[in-house]
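[1] just a sequence and a predicted model for now, questions to come.
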Amino acid sequence: MKKSIIPSLLILVLACACTQVKTGDENLEKNKQLAVTYHDLDPANIDVLFTEDFIGHGENGHTWDRESHRRYLSNGKYKVDSINRQVAEGDWVATMFTRTMEYQGDTITVPVMHFKRFKDGKIAEVWEYYDFTPEPEE
């Protein structure tokens with residue numbers, strides 16, 4: 001009788017392990033899709049995308065929260081993100097993208113890298129790095 005229990009337990013353990021991997025993969029895909037939605041730059045998405053205690057970290061110690069991000073997206077200035085690459089692992093999604101935006105009367109393109117940490121299905125934190133040597137678009 002003991003021999004018949006071992007294969008059943010092994011099947012149960014493998015089924016649980018596969019379920020956990022599948023759930024992790026589903027969370028990675030959901031996080032990646034939310035990261036893509038973030039780059040729509042729609043201020044109406046802020047409450048759906050960000051946790052209540054969201055914090056953004058930029059270079060030189062600059063930080064921002066949900067409301068300041070909403071104001072940035074709503075300021076009427078032209079900005080469009082084009083995602084180049086995106087990878088996810090655990091609670092993190094890394095997105096390399098190009099932001100085309102209005103800056104001092106010119107339209108410029110800036111390469112940017114975001115590292116987004118997810119918590120409970122929303123973005124809890126963004127770390128932003130960019131190469132801001134603006135060159136006007138031709």
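    Alright, I've got the coordinates. Numbers count the residues shown, from 1 in each chain.
[2] Arg85 against Pro111, yeah?
    No. Judged on Cβ atoms under 8 Å, Arg85 makes no contact with Pro111 at a distance of 11.2 Å. Any C-beta I mention is one placed from the backbone N, CA and C, and that applies to glycine too.
[3] which parts of this structure are helices?
    Counting by DSSP state H, one finds helices in the chain at the ranges 2-38, 46-49, 66-73.
[4] packing partners of the shortest one?
    Think helix 46-49. The contact analysis (3 or more Cβ pairs under 8 Å, 6 or more residues apart in numbering; DSSP states H and E) places helix 46-49 against helix 2-38, helix 66-73, strand 122-130.
[5] over to the last one?
    Using 3+ Cβ pairs under 8 Å, 6+ apart, the elements in contact with helix 66-73 are helix 46-49, strand 50-57.
[6] dump the last one to CSV, restricted to CA.
    As requested, the backbone C-alpha atoms of strand 50-57 are provided in CSV (Å, rounded to 0.1, in the frame of the first residue of the first chain):
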residue,chain,number,x,y,z
PHE,A,50,-0.1,52.7,-9.2
THR,A,51,-0.4,51.6,-5.6
GLU,A,52,-1.5,54.3,-3.1
ASP,A,53,2.0,54.7,-1.8
PHE,A,54,3.7,54.7,-5.2
ILE,A,55,7.1,56.4,-5.4
GLY,A,56,9.1,57.2,-8.5
HIS,A,57,12.9,57.7,-8.3
